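In: Build me a model:
(2 chains)
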Amino acid sequence: MGKWTRRAVLSAGVVGGTGLMVGVSVRPGNPTETAGHLVAGEGESLLHIFLKIDSDNRATAILPHSEMGQGAQTALTQMLAEELDADWNLIQFVEAPAEAAFANYAFGRGYLFKGVEFPDAIVPTVDGLVMKLADSMGMQVTGGSMSIRATGQYCVRAAGASVREMLVKTAAKGWGVPAREIRTEKSKLYHDKSGRSAAYAEFAAAAAQITPSSTPRLKKTSEFSVMGQSKQRLDIPSKVDGTAIFAMDVKRPGMLYAAVRRSPVFGGSLRRIDDREARAMNGVIDVVTLPGSFAEGLVGAYSASDSVAVVADSYWKAEKALNALEIEWNNQGNDTVSSSSIFEQFDRDIAAATDRQTDVALGNANAAFEDARMVLTADYRVPYLAHSCMEPPNATAEVSLDRAEIWIGCQNPLGFRQHIAAQLGMDVESVTLHNHFMGGGFGRKSNADYGVQAALIAQAVGRPVQLVYSRQEDIRQDFYRPAVQSRFKAGLDNSGKLVAWHNTYVDKRDPVEAPLIPYAVATQDIGHVASPTHVPFGAWRSVDHSQHGFFTESFVDEVAHAAGKDPYEYRAEMLKDNPRLLAVLKRVAAEANWGSPLDPGRGRGISLQESFGSVVGQVIEVTVSGGKTWVDRVVAVIDAGFAVTPDGVKAQVESGIIYGLTAAMYGDITIQNGAVAQSSFADYDAIRMHDAPVIETHIINSGADIGGAGEPGTPGVAPALANAIFDATGKRIRTLPVMNADLRTDSESSPSVAALTR
Amino acid sequence: MTTFTLNGEIRSVDTDPETPALWVIREQLDLTGTKFGCGMAQCGACTIHVDGRAQRSCITPIASLEGTIVTTIEGLKSADGSLHALQQAWIDQQVPQCGYCQSGQLMSAAALLAVNPNPTDADIDSAMRGNICRCGMYGRIRSAIKQVAGASFYDAMEGSQNG
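Out: Now for the predicted structure:
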């Protein structure tokens, strides 16, 4: 199969027009026949691929998304309950099984055609195509901040509404009354004229014989009573008493444990191994060499090098024996690469601009630069970053001659199942995959490499095996947020107005709009050059927005200061024609009391970023003293269109901010001799309790299309922080992380003071 | 053979005395609420109580537990099954996201409040700085600890008035 990319699909001939979106549709046909056996137990009626009702009148949402902390499953259950008119006390959720019937076409549609509204007539064609893609690629992805805005909006609400219609229709027939006289409330049907009422369960089995409508009537925002409420997360009680089951908590009879080491130099292959000492160690069962693996696909494509695993009767013994192995790798010439050689390469490739591809060409930027009163240039850089999920990658596998069973926490269960089957040389149908809560995902767990390793090890030893990555392996064998460099040039006219914007950066990935700016700048030339490295990369919370948000929002700040303008006012001036962004910017400035005086040594910075359908403004306050930066306060405003569960949205923004702050302050994966130099939280630390700022989050329900929440909080952190540091110190951070910058004042860096403050 | 009290029950295990308690608790005693995060006492996910004090089980040799009283997250509830005040506060403040670090966070917070029912922000910082939460729920954790500390403070006041 050729390589699918978003752009390839878009240019393949399905072109969406614009029009009123009525087609909130669902997989056609009756779900009972295709998927009933997979999810419906005794006394349960599967009325829709996403919904079953049992004889006790309890409704269960069957959701094609995994839980890695984001809480989307509770919000999706709210969306279902809203349209179903379900009693919140009679509804629960389960994660959909990794079966083709539950491929998530809504993700595909949201990913491929986000923001495109189709006329009613072509909706079935578009849906049919996307559904085919979702099926063939095993798409069951959680990522892209898509769960609510795609699955929720396109599918889950329609599921609730169509099942409500089916129940009403069935009750009308049973009672011999017109359907329009029946109302629904809290999981019950009422015919007020005759005084009759019944629980949904009474008509569920009969209603399940009807094929769900693709285009049921959905409620208007003014009719919501469950959506928009801060419901408590349904998974939280199990996460405070140790009963939540993560993949690593799975235990199979006779299970062994494995520790693994992949070629530290990316792309390396195994040359020679001496495992005599390891094999002689107490509890060691086997030493298994594993070939590299790879996967293609629209999401989760990766390539991983050879690795070696030790299998023992306890994980600790396996890990100890792993360290006793003597392994020689063939490094394929990559062992001379370092972070500095990579950035030198970026520098050269940007300067050469060979085959520069253009994202935006607006007006005549060259002429504007010639006429400009002032021209500013700056280079910005960010390093590689690991995800460092609290739960390291792990998977449990049982593999016989013709069947495999996998227990794992991942962001794409169906896709993982396909990749694992392919690497085992089995049909997909021979592989069963059980997905569990993830102890963090952030994009890392959309790459199936760790599941493949577990399966291959279990196949080799013929017993159930749980593979666990050490923290060192986790940090050294990630699919990293790519290092990027961006070279800017800005032209200002006599009044200080920004009239020309030029940007060349390395390596375009996703989302395509990440390097763009929302400001009204008359001439723009934004483009990129290819500068590939041997370091594996993947999706990292907010993907390219995390790098480009830092670049563009910092450089705009530089321009404002060069123009002698207030950075907030300067942005606002350029957003006159963009009321949604301007409203967020104004609100965050007001909430943060922008412009009020701060003590010496303190500073305030602002940023604005639109990503994943949401707009986030941030103001950060810092104190810089003795060269050390303290982040005191973060004020954030998010416009996600409509917050389905406001406290959940706030929690996601708080989380995205801390994740972004960890990266901005400390995040630095460096390459030495072709491999990652860091190996633990000692040299790859995270924000902790004592350095976590106060975060104040405010929500705007603008009524725009619902946007994401999991990622949009992250991109604006680094620029607001760097802008605040500039405000406090006059020093501009153009390379992250902040911890590497010398922020001492001249007197602080004098030898005598430096000795005191060290 | 190492014998200790685990969540109120006397348990004996026969294993390499150097084995970290984390792996014995998870693999042999089947209590999986205590989590593996780093194996080097850098993240706090594996925190348990040993004689009432917070300890990182990933670097605690099992032999060192001989004769001690050990509590894991599964033992934090009261004997009657009701939630520890902190567990309830964790729900009230909607603290967990992925939830993986929360056993360790709760055990560190419970050990703090046991000896210091009214901690200052600085006390909370120093007791909790060994516990990483990659979902970044530090503000909510702090609020939950304060919720319980505030309640104990109130209860104490009420008690003194009644007395």
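
In: For the rest of this, base every contact and every neighbour count on C-alpha atoms.
Out: Fine.

In: now the helices: where do they sit in the stretch 51-200 of chain A?
Out: Counting by DSSP state H, counting those that start in this stretch, the stretch 51-200 of chain A has helices at residues A:72-84, A:105-113, A:123-136, A:157-175, A:200-207.

In: Kindly apply the preceding question to chain B instead.
Out: Ranges of helices within chain B are B:21-23, B:85-92, B:102-115, B:121-128, B:138-162, based on DSSP state H.

In: nearest to chain A, of those helices?
Out: Of all those, it is helix B:121-128 that lies closest to chain A, at 4.7 Å by CA to the nearest CA.

In: just how off-centre is that closest one within its chain?
Out: 15 Å (CA atoms, centre = their mean, to the nearest Å).

In: Likewise for stretch B:46-56?
Out: That offset, for stretch B:46-56, works out to 6 Å (CA atoms, centre = their mean).

In: List the contacts of that stretch.
Out: Here stretch B:46-56 makes contact (CA atoms under 8 Å, 6 or more residues apart in numbering or on different chains) with B:22, B:34-37, B:41, B:44, B:57-58, B:65, B:68-73, B:103-105, B:107-108, B:111.

In: from those residues, which are also near chain A?
Out: B:34, B:36-37, B:73, B:103 (CA under 8 Å from any CA of the partner chain).

In: Only the buried subset of those residues, as a PyMOL command please.
Out: PyMOL command restricting these to the buried ones, with burial defined by 16 or more other CA atoms under 10 Å in any protein chain shown:
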select buried, chain B and resi 34+36+37+73+103
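
In: Determine which two of the ones next to chain A among the contacts of stretch B:46-56 are furthest apart.
Out: Of all pairs drawn from these, the one with the longest distance (CA to CA) is B:Gly37 and B:Ile73, at 15.4 Å.

In: and the residue nearest to A:Gln92 when sequence neighbours are not counted, what does it touch?
Out: Distances taken as CA to CA, 6 or more residues apart in numbering or on different chains put A:Thr60 closest to A:Gln92, at 4.9 Å, once the chain neighbours are dropped. Contacts for A:Thr60 (CA under 8 Å, 6+ apart) come out as A:51-53, A:91-94.

In: Show me where chain B dips below the pLDDT cut-off.
Out: For chain B, applying pLDDT under 70 flags the ranges B:152-163.

In: So the chain: which segments form each domain?
Out: Using chain A. What automatic domain parsing lists as the domains of chain A is A:6-220, A:247-333+A:388-476, A:565-758.

In: my bad, chain B
Out: B:2-75, B:85-162.

In: I'd like to know how many residues surround A:Asp274.
Out: When neighbours are defined as other CA atoms under 10 Å in any protein chain shown, A:Asp274 has 12 of them.

In: again with A:His561
Out: Residues lying near A:His561 (other CA under 10 Å) number 16.

In: Touching stretch A:670-685 from outside, list them.
Out: Residues outside stretch A:670-685 that contact it (CA under 8 Å, 6+ apart): A:264-266, A:334-339, A:383-384, A:471-473, A:475-476, A:662, A:666-669, B:38, B:42-43.

In: Please apply the same query to stretch B:3-15.
Out: Here stretch B:3-15 makes contact (CA under 8 Å, 6+ apart) with B:1-2, B:65-72, B:74-75.

In: Could you rerun that using 6 Å?
Out: Applying CA atoms under 6 Å, 6 or more residues apart in numbering or on different chains, the contact partners of stretch B:3-15 are B:1-2, B:66-71, B:75.

In: Filter those down to just the buried residues.
Out: Among those, those classed as buried by 16+ other CA under 10 Å are B:2, B:68-71, B:75.

In: Distance of the spatially most central residue of chain A relative to A:Arg444?
Out: In chain A, the centroid-proximal residue (CA atoms, centre = their mean) is A:Gly143; its distance is 4.1 Å. The spacing between A:Gly143 and A:Arg444, counted by CA to CA, to the nearest Å, is 10 Å.

In: again with B:Arg11
Out: For B:Arg11, the distance to A:Arg444 equals 38 Å [CA to CA].

In: the more surrounded of those two?
Out: Comparing B:Arg11 with A:Arg444 by other CA under 10 Å, the one with more neighbours is A:Arg444, at 27 against 12.

In: and chain B, which residues reach chain A?
Out: Residues of chain B lying close to chain A by CA under 6 Å from any CA of the partner chain are B:32-33, B:37-38, B:73-74, B:87, B:97-100, B:125, B:129, B:132, B:135-136, B:138.

In: and the stretch 601-750 of chain A, which residues reach chain B?
Out: A:655, A:658, A:688-690.

In: Pipe the residues you listed into a markdown table and attach pLDDT per row.
Out: Formatted as a markdown table, these follow (pLDDT from 0 to 100):
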| residue | pLDDT |
| --- | --- |
| A:Ser655 | 98 |
| A:Ile658 | 98 |
| A:Arg688 | 98 |
| A:Met689 | 98 |
| A:His690 | 97 |
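
In: Among the residues you listed, which one sits closest to A:Met426?
Out: Using CA to CA, A:Ser655 comes nearest to A:Met426 of those, at 39.6 Å.

In: angle of the helix or strand containing the closest one against helix A:72-84?
Out: A:Ser655 is part of helix A:646-666, with elements assigned from DSSP states H and E. Calculated by axes from the mean of the first three to the mean of the last three CA atoms, to 10 degrees, helix A:646-666 forms an angle of 160 degrees with helix A:72-84.

In: what does helix A:646-666 contact?
Out: A:230, A:686-687, A:709-710, A:713-714, A:717-718, A:737-739, B:135-136.

In: The helix or strand just after that helix: partners in the sheet, and parallel or antiparallel?
Out: Where DSSP H and E defines the elements, the next helix or strand beyond helix A:646-666 is strand A:671-672. Paired strands of strand A:671-672, with direction, are strand A:675-676 (antiparallel) (DSSP bridges).

In: what is the rounded mean pLDDT of the strand it pairs with?
Out: Averaged across strand A:675-676, the pLDDT comes to 98.

In: Stretch A:416-430 now?
Out: Averaging pLDDT along stretch A:416-430 yields 95.
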